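Novice: Predicted model, plus sequence, below.
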Amino acid sequence: MILPNAALTNTFGLQVRAKQFVQAHSLDSLRTALVEAQRSNLPLLILGGGSNFLFVAPQLDAFVIQPALTGIRYTAIADNDVLVTAGAGEVWHQLVLASLEQGLCGLENLALIPGSVGAAPIQNIGAYGVELADCLVSVQAMEIASGNLRHFHKTELQLGYRDSVFKRALKDQYLITEITLLLHRQAPLKTDYDSLAKELAKQAAAPTSAQPKSGLTARQVADAVMAVRRARLPDPAVLGNAGSFFKNPVVSNATANALLQRYPAMPHYPQPDGSVKLAAGWLIEQAGMKGIRRGQAGTHESQALVIVNLGAATGADLLAVAREVRDTVQQQFGVTLEPEVWIIGATL
Ligand code: FAD
Ligand code: EPU
């Protein structure tokens, strides 16, 4: 059923009304919705959980489709290997928890990332040393123009840091309907990420009765990831935000070296292709922009990379903070921050 003037939610806590909105629970209803969207002549917007959007204006002149296809299937393909297929409308964190319940590892570092399964491949979600690409096998997607289904193998998706073919050559052409992951009953756990390693060391020093005396489990890694996230990142239910507003900038080796001469303590992560990833949160903090307040908008006091709605900010207030942060970092470091968040109704 198409709802006119529908109130939509997003994790920034902004009140938005969409011209037309439809939630599609099956492939057939998705196809019908796409035909209706074409007829409406409105721009199409695909909405997952709304955790990576900034709506600048309160009125959204768009035909919004929210894929709500559910279901999780587990198919054992070898003693240690299980394929997990999940519908686009499943909640990502619920998939992580359900897979841990099944005794599977691979998703533990990606616990507590907000949003839907269908959005996960769009920016190749990642956290604490793991990204979706590490366990993704394939994606089923519906072509928006024809309603035809197509399967993409991971190798076709050009998955990179916060990047995929769906943000590039195939932008606005496909709607993801389900994804398939390869998880394992046993696999080496990835615990090198600095804040995760520190949290695990802290927990090992003060074990609870629920923890086994020896041998780390995927569940323990997930618990440590959740503890780090809860300590650093604001809960959108309490303080509106969309996670990291900007991507971490990737610069040339020469640029990184020049900056390191001036700021020897600057966190920097050399990449396999010779480029260097910098920490946007550090740059923003050093530029004096951590915890700033501009009316009802600002940056988070524990994570400068997160722009927050203190309660009554408008989309325009949040955008103004984003611009101020970007310009200040540009002036001080000569580094351009690019948004990770999808900004609707304006450009940064
Ligand atoms: P939305 O915000 O609704 O949409 C995001 C984009 O995906 C839009 O372009 C939308 O059109 C498109 N899209 C959504 N569903 C589909 C579909 N089925 N088919 C095609 N396109 C679709 N991200 C990380 O990678 N790592 C983190 O650690 C992380 N931490 C976060 C912490 C917080 C507190 C918050 C609020 C966000 C965080 N994010 C993180 C960002 C966010 O969780 C991810 O981008 C997530 O994948 C967004 O899912 P969503 O369903 O809310 O997508
Ligand atoms: N830092 C600061 N000040 C800050 C924030 C960070 O100095 O205010 C420093 C930290 O001390 C550390 C470095 O910057 O040395 C990196 O910080 P952190 O480990 O918190 O990670 P991040 O680079 O800020 C990225 C992702 C997060 C993801 C975490 C954990 C991006 C844009 N962000 O943040 O993803 O959860 O790593 O892997 O890549 C998101 O995408 O929305 C998101 C939250």
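Specialist: Great, that's in hand. This structure is a prediction, so every number in the text was calculated from the model and none was measured. Ligands and ions are numbered 1, 2, ... in the order given.

Novice: Tell me how far Asp192 lies from Leu8.
Specialist: 39 Å (CB to CB, to the nearest Å). C-beta here means a position set from N, CA and C on the backbone, and glycine is covered the same way.

Novice: Likewise for Val341?
Specialist: Taken as CB to CB, the spacing of Val341 relative to Leu8 amounts to 16 Å.

Novice: now Ala33
Specialist: Taking CB to CB as the measure, Ala33 and Leu8 are separated by 15 Å.

Novice: and those two? which has more neighbours close in?
Specialist: For Ala33 versus Leu8, the count of surrounding residues by other CB atoms under 10 Å is larger for Ala33: 24 against 20.

Novice: Could you list the contact residues of the stretch 151-300 of the chain toward ligand 1?
Specialist: 175-176, 233, 236, 241-243 (CB under 6 Å from any ligand atom).

Novice: In strands, which of those residues appear?
Specialist: 175-176, 241-243 (DSSP state E).

Novice: show me where the stretch 201-348 of the chain has helices.
Specialist: Per DSSP state H, counting those that start in this stretch, the stretch 201-348 of the chain has helices spanning 218-232, 253-262, 280-286, 315-333. These are given in chain order.

Novice: Deepest in the core, which of those helices is it.
Specialist: helix 280-286 (a mean of 21; mean count of other CB atoms under 10 Å).

Novice: what's in contact with that one?
Specialist: The set of residues external to helix 280-286 that reach it, using CB atoms under 8 Å, 6 or more residues apart in numbering, is 244, 246-249, 263, 266-267, 290, 299, 303-305, 325, 328-329, 332-333, 335, 337.

Novice: Please flag which of those residues sit within strands.
Specialist: In this view, the contacts of helix 280-286 that belong to strands under DSSP E are 244, 299.

Novice: re the thing from before, got the helices of the stretch 201-348 of the chain as CSV, with mean pLDDT columns?
Specialist: Conversion of the helices of the stretch 201-348 of the chain to CSV gives the following (pLDDT from 0 to 100):
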stretch, mean pLDDT
helix 218-232, 98
helix 253-262, 98
helix 280-286, 98
helix 315-333, 98
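
Novice: next one: phi and psi at the residue nearest the centre of the chain?
Specialist: Nearest to the centroid of the C-alpha atoms of the chain, with distances taken as CA atoms, centre = their mean, sits Ile125, at 4.8 Å. Geometry field for Ile125 lists phi and psi as phi -50, psi 150, criterion degrees, to the nearest 10.

Novice: do Gln15 as well
Specialist: Backbone torsions of Gln15, given as degrees, to the nearest 10, read phi -90, psi 120.

Novice: quick one: contacts for it?
Specialist: Gln15 is in contact with 7, 58, counting by CB under 8 Å, 6+ apart.

Novice: Okay, it and ligand 1: tell me how far apart.
Specialist: Using CB to the nearest ligand atom, to the nearest Å, Gln15 is found at 16 Å from ligand 1.

Novice: Could you report the pLDDT at that residue?
Specialist: As predicted, Gln15 sits at a pLDDT of 91.

Novice: ditto for Ser252
Specialist: Note on Ser252: pLDDT of 98.

Novice: Pull stretch 262-269 out as CSV, backbone CA atoms only.
Specialist: Presented in CSV, the C-alpha positions along stretch 262-269 are these (Å, rounded to 0.1, in the frame of the first residue of the first chain):
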residue,chain,number,x,y,z
ARG,A,262,54.4,18.5,11.4
TYR,A,263,52.3,16.1,13.5
PRO,A,264,54.4,13.1,14.4
ALA,A,265,51.7,11.6,16.6
MET,A,266,49.1,11.6,13.8
PRO,A,267,47.5,8.1,13.4
HIS,A,268,48.1,6.8,9.9
TYR,A,269,47.4,3.5,8.2
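
Novice: when you scan that stretch, is anything in it near ligand 2?
Specialist: Yes - where contact is defined by CB under 6 Å from any ligand atom, part of stretch 262-269 touches ligand 2, namely Pro267.

Novice: Would you mind listing what in the protein touches ligand 2?
Specialist: Contact residues, the chain versus ligand 2 (CB under 6 Å from any ligand atom): 127-128, 195, 232-233, 243-244, 247-248, 267, 279, 281-282, 285, 290, 303-305, 340.
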